[in-house]
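K.L.:
What follows is a predicted structure for the sequence shown.
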Amino acid sequence: MPLQSLATALTLYRGTSLTLEQAATHAGITADELAAQLRSQGVPVREDDRSAPEPISD
C-alpha cells in the first residue's frame, strides 16, 4: 500500500469526509486494517463505523 494513499485516507477519515469503508478503499486496504491503523495512531473509530472489530485484550 502506498504510504501517501494511506496518509490521505487517514486525513479524510479524521476530517469526516470519508467513512471507514470509503477511506479503506482509498488506501487499498480492508476496513479492519484501516481501523487498526487508526487505533495505533490514537484515532478513535467513529460510532457509526463500529462494525469494525475492536482489538481483543487479555
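P.N.:
Received, thanks. Note that the structure is a prediction, hence the values are computed from the model and not measured. Numbers count the residues shown, from 1 in each chain.
K.L.:
Next, the contact list for the residue most central in space within the chain, please.
P.N.:
Central residue of the chain (CA atoms, centre = their mean): L34, 3.3 Å from the mean position. The contact partners of L34, taken as CB atoms under 8 Å, 6 or more residues apart in numbering, are A9, L10, Y13, L20, A23, A24, A27, A52. In this view, the C-beta of every residue, glycine as well, is placed from N, C-alpha and C.
K.L.:
Arrange those residues in a markdown table, one row each, with distance to L38 as further columns.
P.N.:
Supplementary listing: those in a markdown table, determined by distance: CB to CB, whole Å:
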| residue | distance to L38 |
| --- | --- |
| A9 | 10 |
| L10 | 7 |
| Y13 | 7 |
| L20 | 8 |
| A23 | 9 |
| A24 | 10 |
| A27 | 11 |
| A52 | 9 |
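K.L.:
of the residues you listed, closest to R39?
P.N.:
A52 (9.4 Å; CB to CB).
K.L.:
Quickly find the element holding the residue nearest to the centre of the chain.
P.N.:
Assessed by DSSP states H and E, L34 sits inside helix 31-40.
K.L.:
Before I go, just wanted to say thanks for your time.
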